[in-house]
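Asker: the following comprises the amino acid sequence and a computationally predicted model.
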Amino acid sequence: MGKVAASVAFAFLLMLNRVAFYLELAAIVAVLSFFPKYRRPLISAATLYWLALHATWIRQDLIRRVALNEGVGDGWWLVLGAAVVMCAVFGGLGVLFQIVRTRPSHFVGRRPVLFLVGSFLTLLAAAGTLSLHGLAQVAIWMLLALAGPYLWFFAYALGDCASKAPDPYWLQFGTFFPFWVGSFNSSTPIGKGAAYLRKVEAHTPKDLAMVQLKALKLLIWLFMLQGALLVFRAVVYGDLSTAGREFSQAHSFRFPNLGVPTLAAAFDQSAAGLPPPRHMLWAAVVAHFFDAILAVPLMGNMVVACIRMSGFNVLRNTYKPLYSTTIAEFWNRYYFYFKELLVEFFFFPTYVRYFKRHRRLRLAAATFAAATLGNLVYHFCRDINWVYELGFWRALAGFQVYAFYAVVLGAAIALSQLRGKRAPASLPFYRRVIASAGVIGFYCLLEIFDYEGRSHSLRAHLAFFGSLFPLGR
Amino acid sequence: MNDRLAIREFLQKLLRQTGDRRSFADSDSLVMSGRLDSVDTLDLVVFLEEKYGIDFAERGFDKNDLDSLDNIMALIEAGSGASV
């Protein structure tokens, strides 16, 4: 009875949170609750179901565009071709698994993630530099578009494969864009891979009940957060929800708002030579930061709620970021699973290999490897459409603003870590407030450079940054 | 002082630094559960490298090896020989 009630409550809360496919999600979770012994195989089956019916993470638009541009049309054979390539991708990963297990001293066996990511980048560079045409061009972009979203999920699986007691391949399959990540259009492996899931799995009915209750509580909190975000956007930007717009039109009522421009709008106006007043620029920068503070937990923690309902007591993706008293702590609290990905595949591999005799240099190098290099590699591999549109080198050169962002972020986190961490309780209240304000100020300004597009230059962003200050204009 | 006790004290020190004064059993998860973060894990890596000569670059780094006191003891007992 309790399981039915939990599943119904889950469906209701997903509906309140305006989650698409909420009934399907609730049905899957109900099945997982009733058959906990078969949880992992059922998750693999649910993931396959989601891949077949709701694979929104695959760049179908890119595949279609390439096919049309190459004059090979957009017919049934494209779907068939994608299915064949997808099978080849999963088959190729199976071969990698075998190499890691049976040939651990081979380069691929020792560094499988480096091999995987390196191969993807090489293929991307080839696709963006070679002048391929026709079927060859369609095939290479189809492969990139289908394998790209899975890159880091595969990396977690390969990491597990190199451990002492890994899951078999067919169970790992449930962690390749599992249905909980696929439902929310995230590209980050929230919930990581099989190794982490094994650690946090609920093994008793009591554990399951507790973790599901935590999931429901989280969904209630997210519902309130959605309300706060709607009010924030309405008051600050005058951006009304659909219901608000309908009410406003029906009653000819104008909701009062502060009229703050979004950061993107303020930037565009400044770039066009018509900048808003300086106080409005600052308001746009600060509002953008707090908008993200409200919006980021919604998506990430919604995924966490789904994972918890499925029986895994995973940590939250965003957890009280405004409590942070250091730049490194904020990064840890703001988007936990992205940070964990970088720590796992860039930070630790660098830390255990290089500059072992220079403790501070070792920490700084590992931090740069994660927050700067890893961050850049992740986003470049994710946004492959830029490489198709601009070519490899222009897409790389156009990445300058985000590269600047990643370098500053890496330097700031490295410095923050080198200064050492402070136990939260040991700081007096006023020092905590000052430290938190400093952290917020830093990230507010850094967000100006958190630009993943390719239309605006670093110079334009630096000019915008300068215009915030009296000497900048 | 035996190894288990020395490592327990080191882990307790790391937890105290984060304001965590709860006790833990030998098999309790500390890293995967989030009680120790990545910077704490680094301190633990350095401690094991310096005190027990473990070379993580050679043997492969697996967070799970550092997750609990039992796992760390198993790691030390396995020595610094290559294993994947």
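Answerer: In hand now; what should we look at? As the structure is a computational prediction, the values presented were derived from the model and not from experiment.

Asker: got the residues of chain B near chain A?
Answerer: By C-beta under 8 Å from any C-beta of the partner chain, the residues of chain B that approach chain A are B:16-19, B:29, B:32-34, B:37-39, B:41-42, B:45-46, B:49, B:56-57, B:60-64, B:67, B:83-84. Bear in mind the C-beta positions are built from the backbone N, C-alpha and C, glycine included.

Asker: centre-most residue in the chain?
Answerer: Going with chain A. Closest residue to the average C-alpha location of chain A: residue A:188 at 3.6 Å, with C-alpha atoms, centre = their mean.

Asker: look at chain B instead
Answerer: Chain B has residue B:66 as the residue nearest its centroid, 4.1 Å off, counting by C-alpha atoms, centre = their mean.

Asker: got the contact list for that residue?
Answerer: B:31, B:41, B:44-45, B:48, B:72, B:75 (C-beta atoms under 8 Å, 6 or more residues apart in numbering or on different chains).

Asker: now the residue nearest to the centre of chain A: which helix or strand?
Answerer: Using DSSP states H and E, residue A:188 sits in no helix or strand.

Asker: identify the residues contacting it.
Answerer: Applying C-beta under 8 Å, 6+ apart, the residues contacting residue A:188 are A:152, A:181, A:300, A:335, A:337-338, A:341.

Asker: closest one of those to residue A:214?
Answerer: residue A:300 (15.3 Å; C-beta to C-beta).

Asker: for that closest one, give its distance to chain B.
Answerer: In this view, residue A:300 and chain B are 15 Å apart by C-beta to the nearest C-beta, to the nearest Å.

Asker: surely that residue touches residue A:189?
Answerer: No: if you go by C-beta atoms under 8 Å, residue A:300 and residue A:189 don't touch, sitting 11.5 Å apart.

Asker: common neighbours of these two, please.
Answerer: residue A:337.

Asker: just how off-centre is the worst-scoring helix or strand of chain B on mean pLDDT within its chain?
Answerer: Least confident helix or strand, chain B: helix B:56-59 with a mean of 85, by mean pLDDT, DSSP states H and E. Taking C-alpha atoms, centre = their mean, to the nearest Å, one finds the center of helix B:56-59 at 15 Å from the center of the full chain.

Asker: quick check, pLDDT for residue A:301.
Answerer: Residue A:301 is assigned a pLDDT of 95 by the prediction.

Asker: contacts only, for it.
Answerer: A:218, A:221-222, A:316-318.

Asker: ok, now residue A:63?
Answerer: Residue A:63 neighbours (C-beta under 8 Å, 6+ apart): A:78, A:82, A:138, A:141-142, A:145-146.

Asker: apply 7 Å and report the result again.
Answerer: A:78, A:82, A:141-142, A:145 (C-beta atoms under 7 Å, 6 or more residues apart in numbering or on different chains).

Asker: ok, the closest residue to residue B:24 other than its chain neighbours - how many residues close by?
Answerer: Excluding its sequence neighbours, the residue lying closest to residue B:24 (C-beta to C-beta, 6 or more residues apart in numbering or on different chains) is residue B:30, at 6.5 Å. Using other C-beta atoms under 10 Å in any protein chain shown, residue B:30 is surrounded by 22 other residues.

Asker: what do you get for residue A:61?
Answerer: When counting by other C-beta under 10 Å, one arrives at 10 neighbours for residue A:61.

Asker: and residue A:187, by the same measure?
Answerer: Neighbour tally, residue A:187, other C-beta under 10 Å: 19.
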